[in-house]
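Visitor: 3D model of this:
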Amino acid sequence: MDNWGWAVLLLGIGAILVVLEFFIPSAGVIGVTAAICLVSAIVIGYLDGPVIGTIILAVEVIGVPIVLTAMVRLWPHTPIGRRLFLPPPESKEVVAYQEKRESLSALVGQRGVARSKMLPSGVVRIEGRTYDAVADGEAIEAGETVIVKGIQMNCLVVRRERSDFVAPSIAESADVLQRSLEELGLDDPTDNGAQA
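Guide: Alright, predicted model coming up:
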C-alpha cells in the first residue's frame, strides 16, 4: 500500500474514532487515539507529496468540525444521551412557574404574621393565605408581624417588623450577665440529673 493509502486509512479510522468518542465513554482514550490517527494521516500524506498532504489536511480541517457538530446535535437523541440529559420543560411548566413567581412578586412589601417559628424557614399568613417563607437574618417567633422583603426560589423572604423594637442599653446587657441561672430560668449544668 502506498503512503496515500495509509493516509486515507488513518483518516477513516480517525473519523470513526471521533464518532465513537461521543457514543462510548472512554475517559478520552478514544479521542486521543482519534487525534493521533488524524495527525498521522496528515504527516503520511505530506510524506507522499504536498498535494496529498494538503488534500488530507483540508479534509480534516473541513470534515472534523462538520462531524463534531453533527455528533453534538445527534448525541442527545441517542440512548446514552437521553439518559444523561433531562428533557426540556414543557411550556405548561414554565408558564406555571412564571405565574407563581409573579403572584409572589406582588407580595413584596406586604405585612403578614408568622404562623410558625422561623429558624430560618417557616410559614407566614398574608391576607388570609399561607405561604412558605424564609427569615432574612434573625429567627422570627410565631405570631410576630413580618414584612416581605423579596423572593428566593419561589419562597418569600421576610423580616421581622421592627416598629416596637428597642435595643437594650449596655447597662441592661451587663445586668443579664450578672444574674444567676435560676433567675434566667436555666438549669444548672453541673447538677448531672441528681434531682430526678
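Visitor: what about residue 156, distance to residue 4?
Guide: Distance of residue 156 to residue 4, computed by C-beta to C-beta, to the nearest Å: 71 Å. In this view, the C-beta of every residue, glycine as well, is placed from N, C-alpha and C.
Visitor: Ok, residue 148 next?
Guide: Counting by C-beta to C-beta - residue 148 and residue 4 are separated by 74 Å.
Visitor: higher neighbour count, these two?
Guide: residue 148 (23 against 19; other C-beta atoms under 10 Å).
Visitor: Can you tell me what sits against the helix or strand harbouring the more buried one?
Guide: Using DSSP states H and E, residue 148 sits within strand 145-151. Strand 145-151 is contacted by residues 101, 104-105, 107-114, 124, 126, 133, 136, 140, 156-161, 163 when judged by C-beta atoms under 8 Å, 6 or more residues apart in numbering.
Visitor: Pull out the buried residues from these.
Guide: The neighbour-count criterion (16 or more other C-beta atoms under 10 Å) marks 104, 107, 112, 114, 124, 126, 133, 136, 140, 156-158, 160 among the contacts of strand 145-151 as buried.
Visitor: mind listing which of those are in strands?
Guide: 112, 114, 124, 126, 133, 156, 157, 158, 160 (DSSP state E).
Visitor: how near is the fifth one to residue 101?
Guide: Put plainly, it is residue 133. Taken as C-beta to C-beta, the span from residue 133 to residue 101 is 15 Å.
Visitor: swap in the second one?
Guide: For residue 114, the distance to residue 101 (C-beta to C-beta) stands at 22 Å.
Visitor: Tell me how the protein divides into domains.
Guide: 3-84, 92-160 (automatic domain parsing).
Visitor: Columns mean pLDDT on top of those, output as TSV?
Guide: Below are those laid out as TSV (pLDDT from 0 to 100):
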stretch	mean pLDDT
domain 3-84	86
domain 92-160	85
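Visitor: so which of these gets nearest residue 188?
Guide: domain 92-160 (25.8 Å; C-beta to C-beta).
Visitor: Residue 116: what secondary structure?
Guide: coil (DSSP: H, G, I helix; E, B strand; the rest coil).
Visitor: Contacts only, for it.
Guide: 122, 123, 142.
Visitor: Distance of the residue positioned nearest the centre of the chain relative to residue 29?
Guide: Against the mean C-alpha coordinate of the chain, by C-alpha atoms, centre = their mean, the closest residue is residue 153 at 12.3 Å. Shown here: residue 153 relative to residue 29, a distance of 41 Å by C-beta to C-beta.
Visitor: Repeat that for residue 46.
Guide: 27 Å.
Visitor: Could you do residue 22 as well?
Guide: 14 Å.
Visitor: Those two: which is more packed in?
Guide: residue 22 (19 against 12).
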